[in-house]
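# got a predicted structure here, sequence first:
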Amino acid sequence: MDYQPTWSGCALDKVCSPIHPLNKSLPDKFRPDSPTQSWSQDYQEPKTGYVSPSFSNNYKEARRLAGDGSLKTLIQLRDVSSTYIKSLSTSMGASELSSNKSLVKLRLSDDLKRWKGEQHQLGRILPAKGTGLKRASDEVLEILGASKWPEPLITRCALWGSVFFNMCIGAYDAPSMFSNAVTDMAFFREHGYHHVFPEFDSLFNSAMYDQHALQTPGGTERRAAVAIGVQYINDKIVFEEENQANLEGLSAKMNRQTMQTVSLFESSLLGLVSEAIFRGSDPAAVMNDMVLSCPATDVVDVGSDLVNSEVMNSFLNTADIYEAGIVTEEALRRVYNAYAHAGARTLAERWWEPTAQMLALLYQWHIVNHRHNFLRRAVLGYCKVQPELSNQREADMDEAFNENLHTTGFSRPLKDACNGADTCDTVSHFLEHSKNPSLIRHLWQCLVTDPLEYVRKGEVDGSREAELEEALQLALARTYTEGFTLELCWIMAHAGHHAWQINRMYEAAMFGSLLDSEALAGKLDRAEA
């Protein structure tokens, strides 16, 4: 196929601005063990077989599953995942769900159902999930030089998702970075972008067959991995579209190994997997991060997925939930804490690696993407957040969950934990050594302190939510284009850690999701043809 890239006229000068190195006075715990970006002017051949010394004995199940992270291994794992999805479709014909080994009917506990009813009577109702199609503001696009980029890439959902994390991790050069970002738009097929934007498929194919990007280091492998992932995405779309009317209230059951395998493909970012491994990241750590991206997105959708036609939710798929078929507050807290512990070291100790940056970026993505309505979910659910916990914890996925995907309760103290203040001692120390402390302090304010102040008040204010969303987008754009990418990535990672274990904004959003209006009951949460 002879596809010509359709972005030759796009301004890309601001996406590869010179990057300011971190201040040499920063302690070692803030400093990367490996390069964080690889622009052509300082490109280095990747280390082969690189395994971080501090993680060589971690991620045991992921290490066994991921192996060398080769394309052959990805195909094998994809086939397992697609077979699992197809087995769900086959079992839909069973006359009794009780005989079905793959699906279970779930319901809210009486206590949570009562709370939901009381909140709805007070008018505290979560609107249905959005389609994620709102365009970024003209001011944001102007700062990024993105005003004339293709429309599918400048929705808030896409711009601050696949485009922005590619901007953060870098590439051989700006055109290949842009092309890589377009290949990662495969993620948005599940959002129905190919139905909404007539140019979507042509744009995607242009990136997949981009001759310049294919000739850059790792470019061919990256696109081959995307193609492997697309087959799983298509298999899942077929399953959902064929069965959506019968999926309301159903959730898939799986063990830990199946969960880790399927979640790798639920992430929909197989190109990033291949690129991270090509650059020298530990394949097991890469798989771990991609698996964790699922609970990091599903956490805000627990209540919504309970009533719509989504059977793959990392919280609802656990044995803590499906064994009883009842979603209880206690079970949700156990699962939440297990996932929070499983992601802690990625955010705290490996923040510079490509897949860790993707995981960190999800917190700000939720706030600004105009799909998950994160701040509304958080303000509605903040009253359910656990009282402040005294310490921060960590555990591997196969320590936090047993082989049946039931929480174990195991965790250990997180090394070098911060003091838990809204602007903690670790952030304060980082700001003291920043090359632009006022800019980075403002970014932290937009990411953490201002949203937290709004959520703690407990009062819904749509105008304030819009202000916070726009302020964060502007802060991200300015910090990036001024060359403070490394400081931005560290701040995003620590903000994500706070959201999981300190201010627990993710937990607030999880409980807020239970107040879903149920407008999408029995439907798919995406734009349709």
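Ah, there it is.

# list the buried ones in stretch 101-113?
Buried residues in stretch 101-113, counted by 16 or more other Cβ atoms under 10 Å: Ser102, Leu103, Val104, Leu106, Leu108, Ser109, Leu112. All C-beta atoms are positioned from the backbone trio N, CA, C, and that covers glycine.

# same deal with stretch 130-141?
Under 16+ other Cβ under 10 Å, the buried positions of stretch 130-141 are Gly130, Thr131, Gly132, Leu133, Ala136, Val140, Leu141.

# can you give me the end-to-end span of that stretch?
In stretch 130-141, first residue to last residue: 21 Å (Cα to Cα, to the nearest Å).

# same check, this time on stretch 138-153
From start residue to end residue, stretch 138-153 stretches across 14 Å - Cα to Cα.

# got a list of contacts for that stretch?
6-7, 9-15, 135-136, 154, 158-159, 163, 181-182, 185, 188, 193, 197, 199-200, 203, 470, 473-474, 477-478, 480-481 (Cβ atoms under 8 Å, 6 or more residues apart in numbering).

# are any of the residues you listed buried, and if so which?
7, 10, 12, 14-15, 136, 154, 158-159, 163, 181-182, 185, 188, 193, 197, 200, 203, 470, 473-474, 477-478, 480-481.

# just to revisit the earlier point, sort out for me which of the contacts of stretch 138-153 are in helices.
158, 181-182, 193, 200, 203, 470, 473-474, 477-478, 480-481 (DSSP state H).

# can you put the buried residues of stretch 101-113 in a markdown table and add secondary structure, pLDDT and distance to Phe239?
Formatted as a markdown table, the buried residues of stretch 101-113 follow (DSSP: H, G, I helix; E, B strand; the rest coil; pLDDT from 0 to 100; distance: Cβ to Cβ, whole Å):
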| residue | secondary structure | pLDDT | distance to Phe239 |
| --- | --- | --- | --- |
| Ser102 | coil | 87 | 11 |
| Leu103 | strand | 92 | 11 |
| Val104 | strand | 93 | 17 |
| Leu106 | coil | 96 | 18 |
| Leu108 | strand | 97 | 25 |
| Ser109 | coil | 98 | 28 |
| Leu112 | helix | 98 | 28 |
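
# and which of those is nearest Ala319?
Val104 (10.4 Å; Cβ to Cβ).

# can you pull out the strands in the stretch 151-300 of the chain?
250-252 (DSSP state E, counting those that start in this stretch).

# again with the stretch 1-150 of the chain
103-105, 107-108.

# compare those and give me the one nearest Glu266.
strand 103-105 (16.5 Å).

# can you report how many residues neighbour the nearest residue to Ala521 once chain neighbours are set aside?
The spatially closest residue to Ala521, leaving aside those adjacent along the chain, is Val307, at 4.6 Å (Cβ to Cβ, 6 or more residues apart in numbering). Applying other Cβ atoms under 10 Å, we find 21 residues neighbouring Val307.

# make TSV from the strands of the stretch 1-150 of the chain and add distance to Gly420 to it.
Below are the strands of the stretch 1-150 of the chain laid out as TSV (distance: least, Cβ to Cβ, whole Å):
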stretch	distance to Gly420
strand 103-105	37
strand 107-108	31
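
# for Glu241, which of those is the nearest?
So among the strands of the stretch 1-150 of the chain, strand 103-105 is nearest, using Cβ to Cβ, at 16.9 Å.

# which other helices and strands contact the closest one?
Packing partners of strand 103-105 (3 or more Cβ pairs under 8 Å, 6 or more residues apart in numbering; DSSP states H and E): strand 250-252.

# most widely separated two among the ones in helices among the contacts of stretch 138-153?
The widest separation within these (Cβ to Cβ) is 29.2 Å, between Phe200 and Arg478.

# who are the packing partners of the helix or strand of the chain at the bottom of the mean pLDDT ranking?
Least confident helix or strand, the chain: helix 193-196 with a mean of 87, by mean pLDDT, DSSP states H and E. Counting contacts by 3+ Cβ pairs under 8 Å, 6+ apart, helix 193-196 packs against helix 200-208.

# circling back to that earlier point, tell me which of the buried residues of stretch 130-141 fall in helices.
Val140, Leu141.

# closest one to Glu221 out of the buried residues of stretch 130-141, please.
Nearest to Glu221, judged by Cβ to Cβ, of the buried residues of stretch 130-141 is Gly132 at 28.8 Å.

# surely the closest one and His370 touch.
Yes. If you go by Cβ atoms under 8 Å, Gly132 and His370 touch, sitting 6.0 Å apart.

# identify the contacts common to those two.
Joint contacts of Gly132 and His370 (Cβ under 8 Å, 6+ apart) are Thr155, Arg156, Cys157.

# tally of neighbours for the last one?
The reference is to Cys157. For Cys157, using other Cβ under 10 Å, the count is 25.

# same thing with the second one?
Look at Arg156: counted by other Cβ under 10 Å, it has 24 neighbours.

# wait, what's in contact with it?
Applying Cβ under 8 Å, 6+ apart, the residues near Arg156 are Gly132, Lys134, Arg135, Ala136, Val368, Asn369, His370, Gln473.

# okay, those in JSON lines with pLDDT next?
Listed next are the contacts of Arg156 as JSON lines, based on pLDDT from 0 to 100:
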{"residue": "Gly132", "pLDDT": "81"}
{"residue": "Lys134", "pLDDT": "93"}
{"residue": "Arg135", "pLDDT": "96"}
{"residue": "Ala136", "pLDDT": "97"}
{"residue": "Val368", "pLDDT": "97"}
{"residue": "Asn369", "pLDDT": "93"}
{"residue": "His370", "pLDDT": "89"}
{"residue": "Gln473", "pLDDT": "98"}
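
# and of those, the nearest to Tyr336?
Nearest member of the contacts of Arg156 to Tyr336, counting by Cβ to Cβ, is Asn369, at 21.1 Å.

# which non-adjacent residue is nearest that closest one?
Cys157 (4.3 Å).

# next one: Asp305
Asn313 (4.2 Å).

# cool, Thr346 as well?
In space, Thr346 is closest to Ala356, 4.9 Å off (Cβ to Cβ, 6+ apart).

# buried residues, stretch 284-292. List them.
In stretch 284-292, counting by 16+ other Cβ under 10 Å, buried: Ala284, Ala285, Val286, Met287, Asn288, Asp289, Met290, Val291, Leu292.

# thought the first one was touching Asp68?
This means Ala284. No. Contact between Ala284 and Asp68 fails when scored by Cβ under 8 Å: they sit 10.2 Å apart.

# for the residue nearest to Asp305, which residues are in contact?
Taking Cβ under 8 Å, 6+ apart, one finds Ser251, Asp298, Asp301, Val302, Asp305, Leu306 in contact with Asn313.

# and the two most separated of those residues?
Ser251 and Asp301 (12.0 Å).

# for the longest helix seen in the chain, packing partners?
Assignment by DSSP H gives helix 219-243 as the longest helix of the chain. If contacts are counted by 3+ Cβ pairs under 8 Å, 6+ apart, helix 219-243 sits against helix 71-91, helix 174-183, helix 200-208, helix 211-214, helix 256-266, helix 270-279.

# could you give the separation of the shortest one from the chain centroid?
Its chain's C-alpha centre and that of helix 211-214 lie 27 Å apart, by Cα atoms, centre = their mean, to the nearest Å.

# got the CA coordinates for stretch 467-475 in PDB?
Output of stretch 467-475 as PDB, limited to C-alpha atoms (Å, rounded to 0.1, in the frame of the first residue of the first chain):
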ATOM      1  CA  GLU A 467     -12.100  26.500  34.600                       C
ATOM      2  CA  LEU A 468      -9.900  23.900  36.200                       C
ATOM      3  CA  GLU A 469      -9.900  21.800  33.100                       C
ATOM      4  CA  GLU A 470      -8.800  24.600  30.900                       C
ATOM      5  CA  ALA A 471      -6.200  25.900  33.400                       C
ATOM      6  CA  LEU A 472      -4.600  22.500  33.600                       C
ATOM      7  CA  GLN A 473      -4.400  22.200  29.800                       C
ATOM      8  CA  LEU A 474      -2.700  25.600  29.500                       C
ATOM      9  CA  ALA A 475      -0.300  24.700  32.300                       C
END
